[in-house]
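Enquirer: Got a predicted structure plus its sequence, pasted below:
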Amino acid sequence: MKTKNKLLRTKLLLVVALCFTVFACDNSPSEDETPETPGNTGNIENNTLTADGQKKQLSIYTFAKNGPQLEFTARESLNTGVPSIAIRINGLPSSSTTLHFQDDSNDPAEIQTDEFWTQMNDGTQVWYPVFTSDAFETTGSMEVTVAGDIITFAYSDIQLNDHYISSNVTKTVSCSGKFSIHVSELDLSQDGNSSGNLATN
């Protein structure tokens with residue numbers, strides 16, 4: 001009788017262990033799964049741009065302040081015509097947020113605090129957002145991540161064009177980019193221009 005109880009207990013323990021194993025396997029993420037990231041920018045390599053499938057490395061930035069209007073250009077170097085991403089925003093976010101492409105007006109002075117503007121140079125071609133007489137047709141969002149002293153700007157798959165007037169566009173490409181800057185290096189107290197190295201971590 002004791003042997004029968006021991007066998008029954010052993011079988012029961014095996015069944016329970018098997019159930020836990022199956023449950024654990026079902027709930028572990030598969031190797032092919034990629035975590036969802038807002039704006040789909042999590043997989044973009046930092047300090048790079050990609051235009052029409054061609055990726056370029058970026059190493060420095062220039063910064064211009066004109067009132068609340070801030071323009072950052074992440075660049076391969078300070079030479080003219082090099083790969084670069086330019087973004088324009090209204091005020092520097094103090095916490096992580098998502099901005100949408102400027103849509104109420106095509107006037108840089110009228111960009112709102114929840115909007116951004118961008119254009120890109122892949123080293124051979126400048127890619128522009130398209131505008132109409134009173135607004136931009138280009139759409140998309142940009143993730144802004146603030147982590148301590150580092151602010152990161154990233155966007156994915158924004159459609160930019162070889163001309164800024166829609167009737168003159170002959171090619172549209174998908175553009176993505178991401179770059180980081182040390183906030184402590186920026187002089188936000190007065191209008192002017194500056195430059196520095198992009199943050200690498």
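Expert: On my side now, so go ahead. Numbering: from 1, shown residues only.
Enquirer: Would you mind measuring from the residue sitting nearest the centre point of the chain to residue 141?
Expert: Centre of the chain computed as the mean C-alpha position; nearest residue by CA atoms, centre = their mean is residue 154, 1.6 Å away. Distance of residue 154 to residue 141, given as CB to CB, to the nearest Å: 10 Å. Heads up, the C-betas are built off the backbone N, CA and C, glycines and all.
Enquirer: Run through the strands of the chain in chain order.
Expert: Taking DSSP state E as the test, the strands found in the chain are 48-51, 54-57, 60-66, 69-75, 84-90, 97-101, 115-121, 126-127, 141-147, 150-161, 172-182, 192-197.
Enquirer: Of the ones you listed, which is nearest residue 135?
Expert: Shortest separation from residue 135 across those is recorded for strand 97-101, at 10.2 Å, computed as CB to CB.
Enquirer: Now do the closest one against strand 150-161: the angle between them, please.
Expert: 20 degrees (axes from the mean of the first three to the mean of the last three CA atoms, to 10 degrees).
Enquirer: hang on, the earlier thing: for the residue nearest to the centre of the chain, give the beta-bridge partners.
Expert: With beta bridges defined as DSSP bridges, residue 154 has these partners: residue 143, residue 178.
Enquirer: residues in contact with it?
Expert: 39, 41, 44, 142-143, 145, 177-179 (CB atoms under 8 Å, 6 or more residues apart in numbering).
Enquirer: Same check on residue 155?
Expert: Counting by CB under 8 Å, 6+ apart, residue 155 has contacts 39, 41, 118, 140-143, 175-178.
Enquirer: that older thread, as a markdown table, the strands of the chain with mean pLDDT and distance to residue 135 would be great.
Expert: Shown next, in a markdown table, are these (pLDDT from 0 to 100; distance: least, CB to CB, whole Å):
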| stretch | mean pLDDT | distance to residue 135 |
| --- | --- | --- |
| strand 48-51 | 97 | 24 |
| strand 54-57 | 96 | 29 |
| strand 60-66 | 97 | 21 |
| strand 69-75 | 98 | 18 |
| strand 84-90 | 98 | 15 |
| strand 97-101 | 97 | 10 |
| strand 115-121 | 97 | 11 |
| strand 126-127 | 98 | 19 |
| strand 141-147 | 97 | 17 |
| strand 150-161 | 97 | 15 |
| strand 172-182 | 98 | 18 |
| strand 192-197 | 96 | 28 |
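Enquirer: In CSV: the ones you listed, plus distance to residue 109.
Expert: Formatted as CSV, these follow (distance: least, CB to CB, whole Å):
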stretch, distance to residue 109
strand 48-51, 26
strand 54-57, 30
strand 60-66, 9
strand 69-75, 7
strand 84-90, 9
strand 97-101, 16
strand 115-121, 11
strand 126-127, 22
strand 141-147, 19
strand 150-161, 21
strand 172-182, 23
strand 192-197, 18
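Enquirer: circling back to that earlier point, farthest pair within the contacts of residue 155?
Expert: Largest pairwise distance in the contacts of residue 155, by CB to CB, is 14.7 Å, between 143 and 175.
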